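> What would the 3D arrangement of this be:
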Amino acid sequence: MSKLGSLGARLYRGEVGYDFVGKRKIWYGISILITITAIVGLAVRGLNMGIEFEGGAVFNTAKTSVSVAQAERYAEDASGHDAVVQELGSGGLRIQVAGVDTAKSDQIKADLAKNMDIKSTDLVGPSWGEQISKKAWTGLIIFMVLVVIYLAIAFEWRMAAAALIALIHDITITVGVYALVGFEVTQGTIIGLLTILGYSLYDTVVVFDSLKEQSKDLTKQTRWTYSEVANRSINSTLVRSINTTVVALLPVAGLLFIGGGFLGAGMLNDISLSLFVGLAAGAYSSIFIATPLVADLKETEPQMKALKKRVLAKRAAAAAKGESAESAPRDDDGEYDDASQDDLTEDAAPAGVVGPRTQPASRNRGRGRPSGKRR
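Now for the predicted structure:
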C-alpha cells in the first residue's frame, strides 16, 4: 500500500488526525480575509465584462505580424473606445471593441483593414447579454433553493445552511479573483461558475454523509462531543477529498496555463480560471468551512450542550484518578458504568489528536482474565 493510502486508512480508523474543527476560528478568519479582499477588488476594479454583456464588435484577423499593443492602439484610434486584443493560436488577433453600433463597426473595420487583414466581423447587441445574465441569475437561485431543500430533507437544516454559506463563499472568491486579475467575463465564465457549484456541493455532501453516519445515537454515549465526531468525519474523508480535488484541478490547470497561456485561446482562459479557482475554493470550504459551521450550529442544541458537559466531566474524573480518557470506571461485572460497551471502540485518541491507539493498562490489571462480562 502507498504512503498516501496507508495514511488514508489510518485517518479513516481515527489513528491519526488533525483538529480542523477545534481550530475553526483560524479558518473562519482566513475565509473572512479572502472574502473581504475579493469584495474590495470587485468594488474598486469591477468586472471586465465581455461584449456579450455590454454589446460591441469583434474583429478576427488573419495571421499577422502586428503586435497586440499595436492592434490595441489601432483599434482605440479608430473607435475612440478601449479595445481588448487577444492573440490566437493561428497567429491572428481577436479585437473586441465594446459600445459600438453597426455603422461604427463598419468604420472601425475599414480603418483596421489599412494595417491588418480582417477575416470576419461579429456584432453583438447588449440586449442579448442582459438576457443571458437574467437566465444565469435565475438558474443560480433555483439551484440554491433546490440544494437547500434537498439537504434539509436528506440531512437537516443546519447542514443545508452550512452548505449554502459555503457555496456563496466559493462564488464570492471566484468572482473577486476575476475582478483582481482583470480577466474578461464571458459566457464561458458563467458556465464555469455554474459548474463549480456542483463540485463544491459534492465534496461537502461526502463529509456530511460521513458525519450523519458517525453521529447516530451520539447522545447515548459519553466518549465524544459532536464537534469531535465532526472532526473525525473530516479526517476520515480527507484523503478522498484531496485525491478528487487534485484529479479535477490537473486538467483545468492544463487548460488555464497551457491552453490559455501558451496557445492564446481566449475562451479557455474565461472558463478555466473560474473552474480552477472555484474547484480549489470548493475543496477548501468543504473541509474548513461547511463542517465546522455545522458543528457550531449543533453545539447550540440543549442536548449537545448536555452531552459536552457529561463528556468533559467524565474526562475530568478520569484525569483526577490518573486514568486515561478512555478508561471509564467499571462495575463488578466488568461493564462500563456510564457508557455502553459499543461506546469504547478501538479508536483511543480523541478527535484531532495524532497518535497510535492504546489500550488502557487497567483492563487486565490484577485479573488473570480478559476484561469484559463474566460468563
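> Show me where the chain has its strands.
48-49, 56-61, 83-87, 93-98, 118-124, 184-185 (DSSP state E).
> For the stretch 251-375 of the chain, give me the ranges with low pLDDT.
In the predicted model, the stretch 251-375 of the chain carries pLDDT under 70 at residues 259-268, 323-375.
> Apply 80 and report the result again.
255-270, 322-375 (pLDDT under 80).
> Likewise for the stretch 1-150 of the chain?
Ranges of the stretch 1-150 of the chain meeting pLDDT under 80: 1-17, 48-55, 81-82, 84, 86-91, 98-103, 122-133, 136.
> just the helices in it please.
3-13, 24-44, 51-54, 68-79, 102-112, 126-154 (DSSP state H, counting those that start in this stretch).
> For this protein, which residue occupies the most central location?
Per Cα atoms, centre = their mean, the C-alpha nearest to the average position across the chain is that of residue 282, at 1.0 Å.
> shouldn't it be in contact with residue 199?
Yes: here residue 282 reaches residue 199: they are 5.4 Å apart, a contact under Cβ atoms under 8 Å. Where you see a C-beta, it was placed from the backbone N, CA and C, and this is true even at glycine.
> For residue 203, find the nearest of the strands of the chain.
strand 184-185 (25.1 Å; Cβ to Cβ).
> what pairs with the closest one, and is each one parallel or antiparallel?
Its sheet considered, strand 184-185 pairs with strand 48-49 (parallel) by DSSP bridges.
> any idea how far the strand it pairs with is from the chain center?
24 Å (Cα atoms, centre = their mean, to the nearest Å).
> what's in contact with it?
Contact with strand 48-49 is made by 84, 98, 129, 178, 182-185, as judged by Cβ atoms under 8 Å, 6 or more residues apart in numbering.
> Farthest-apart pair in these, please.
Between all members of these, the farthest pair (by Cβ to Cβ) comes out as 129 and 182, at 18.7 Å.
> about what we covered before: out of the contacts of strand 48-49, flag the one nearest to residue 272.
Nearest to residue 272 among the contacts of strand 48-49 is residue 183, at 9.8 Å by Cβ to Cβ.
> Return the backbone torsion pair for that closest one.
phi -70, psi 150 (degrees, to the nearest 10).
> how many neighbours does it have?
20 (other Cβ atoms under 10 Å).
> For residue 92, see how far away it is.
Noted for residue 183: a distance of 21 Å to residue 92, by Cβ to Cβ, to the nearest Å.
> With residue 70 instead?
Separation of residue 70 from residue 92 (Cβ to Cβ): 14 Å.
> The two: which is more packed in?
residue 92 (20 against 15).
> List the residues that contact the closest residue to the more buried one other than its chain neighbours.
Residue nearest to residue 92 in three dimensions, not counting chain neighbours: residue 61, with 4.7 Å by Cβ to Cβ, 6 or more residues apart in numbering. By Cβ under 8 Å, 6+ apart, the residues touching residue 61 are 71, 92-95, 112, 116-119.
> at 6 Å instead, please
Residue 61 is in contact with 92-93, 116-118, counting by Cβ atoms under 6 Å, 6 or more residues apart in numbering.
> Which of those are buried? Put it as a PyMOL command.
Burial among these is assessed by 16 or more other Cβ atoms under 10 Å; the matching PyMOL selection reads:
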select buried, resi 92+93+116+118
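> need the contacts of residue 61 in CSV with distance to residue 65, can you?
Below are those laid out as CSV (distance: Cβ to Cβ, whole Å):
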residue, distance to residue 65
92, 11
93, 11
116, 9
117, 11
118, 15
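> With respect to residue 159, which of the contacts of residue 61 is nearest?
residue 93 (49.9 Å).
> Give the bridge partners for the closest one, please.
With DSSP bridges as the criterion, residue 93 is bridged to residue 87.
> The chain should start at 624 in everything you say after this.
Shifting the count to begin at 624 puts that one at residue 716.
> okay but it is in contact with residue 694, surely?
Yes: counting by Cβ atoms under 6 Å, residue 716 does reach residue 694; the two are 5.2 Å apart.
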